[in-house]
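*Asks:* here is my input, please return the structure:
(one chain, ligands or ions: 1)
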Amino acid sequence: MSLPIIALDFETKTKALQFLHEFPKDEHLFVKIGMELFYQTGPSIISEISSLGHDIFLDLKLHDIPNTVQRAMHIIAEMGNIKLTTIHAAGGSHMIAAARAGLDTTASGQKIQLLAITQLTSTAQTQLNEEQKIPGSIRDSVLNYAKLAQNNGANGVVASGLEVHDIKQATDSKFLCVTPGIRLQAGPDKDQTRVVTPETARQNGSDFIVVGRPITQAVDHVAAYQEIKKRWQG
Ligand SMILES: O=c1ccn([C@@H]2O[C@H](COP(=O)(O)O)[C@@H](O)[C@H]2O)c(=O)[nH]1
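*Replies:* I've put the predicted structure just below:
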């Protein structure tokens with residue numbers, strides 16, 4: 001069973017490293033570096049955290065023209081030590097295929113798993129229909145993006161645990177489902193609308209969960225992580 005991925009959404013490198021140093025030295029972690037920490041610190045944060053022995057998910061959610069995404073993904077691949085990275089599926093088939101091509105042209109030949117964001121876990125049904133002007137259900141939009149992602153070389157998607165069961169039916173068995181929007185109790189919380197518990201994510205078939213504030217804003221970070229890990233791994 002995989003480790004919960006901790007979203008290191010901190011405003012400084014110092015705070016991120018302080019957080020990591022609270023864990024026992026031999027505790028191997030899987031951490032997500034998102035826009036906030038990456039834009040603050042630059043690429044050096046990748047080697048700094050991987051030198052502590054942790055696995056890294058670089059979550060920059062690229063969404064641009066295919067040529068730009070391909071070149072950016074090549075640079076990401078050259079950074080090394082990254083296991084997972086993201087694009088928005090809404091960028092379309094050519095952009096997804098370009099992201100794959102960019103990742104696959106590393107000198108090291110290192111394989112990075114490419115994940116496509118389907119509908120952000122903050123997106124609610126009304127927003128989909130009234131702002132994005134996409135008719136139909138969130139589920140249908142997520143499934144459409146999951147199939148588009150698979151057909152164009154992505155290794156998996158980021159989706160709410162509410163959609164994972166259906167994605168697993170619609171895609172092949174190796175296609176990954178990575179689930180943020182995890183809370184200890186079900187139901188919308190702050191900006192997250194499509195929320196599930198660690199147990200529901202597991203039961204519905206998620207391959208990984210991503211957890212930020214329930215750990216980083218807990219009084220005892222390590223205890224919160226251990227509880228979520230226990231509930232996720234069952
Ligand atoms: O659909 C998505 C895609 C990415 N995220 C990211 O996951 C974490 C979740 O943080 P919480 O504090 O547990 O809400 C955060 O880094 C997001 O950028 C997501 O939430 N939903």
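
*Asks:* could you measure from the residue in the chain positioned nearest to the ligand over to L52?
*Replies:* Across the chain, the shortest distance to the ligand (CB to the nearest ligand atom) belongs to G212, at 2.6 Å. Just so you know, the C-beta spots here come from the backbone N, C-alpha and C atoms, and that holds for glycine as well. Counting by CB to CB, to the nearest Å, the gap from G212 to L52 is 19 Å.

*Asks:* and Q226, that one's in a helix?
*Replies:* Yes - under DSSP: H, G, I helix; E, B strand; the rest coil, Q226 falls within a helix.

*Asks:* please identify the helix or strand for P135.
*Replies:* In this structure, P135 sits in neither a helix nor a strand according to DSSP states H and E.

*Asks:* give me the nearest residue to it, chain neighbours excluded.
*Replies:* N129 (6.4 Å; CB to CB, 6 or more residues apart in numbering).

*Asks:* I'd like to know how many residues surround the one you found.
*Replies:* Other residues near N129 come to 15 when the count uses other CB atoms under 10 Å.

*Asks:* per-residue confidence at it?
*Replies:* What the model reports as pLDDT for N129 is 98.

*Asks:* T106 now?
*Replies:* For T106, the pLDDT comes out at 83.

*Asks:* ditto for G212
*Replies:* So G212 comes in at 98 (pLDDT).

*Asks:* these two touch, right, it and A7?
*Replies:* Yes - between G212 and A7 there is a contact under CB atoms under 8 Å: 3.3 Å.

*Asks:* show me which residues of this protein sit near the ligand.
*Replies:* Contact residues (CB under 6 Å from any ligand atom) of the chain with the ligand: 7, 9, 34, 117, 120-121, 158, 180-182, 192, 210-214.

*Asks:* where do the helices of this protein begin and end?
*Replies:* 13-21, 35-41, 44-50, 66-79, 93-103, 125-130, 138-151, 161-170, 198-204, 213-216, 221-233 (DSSP state H).
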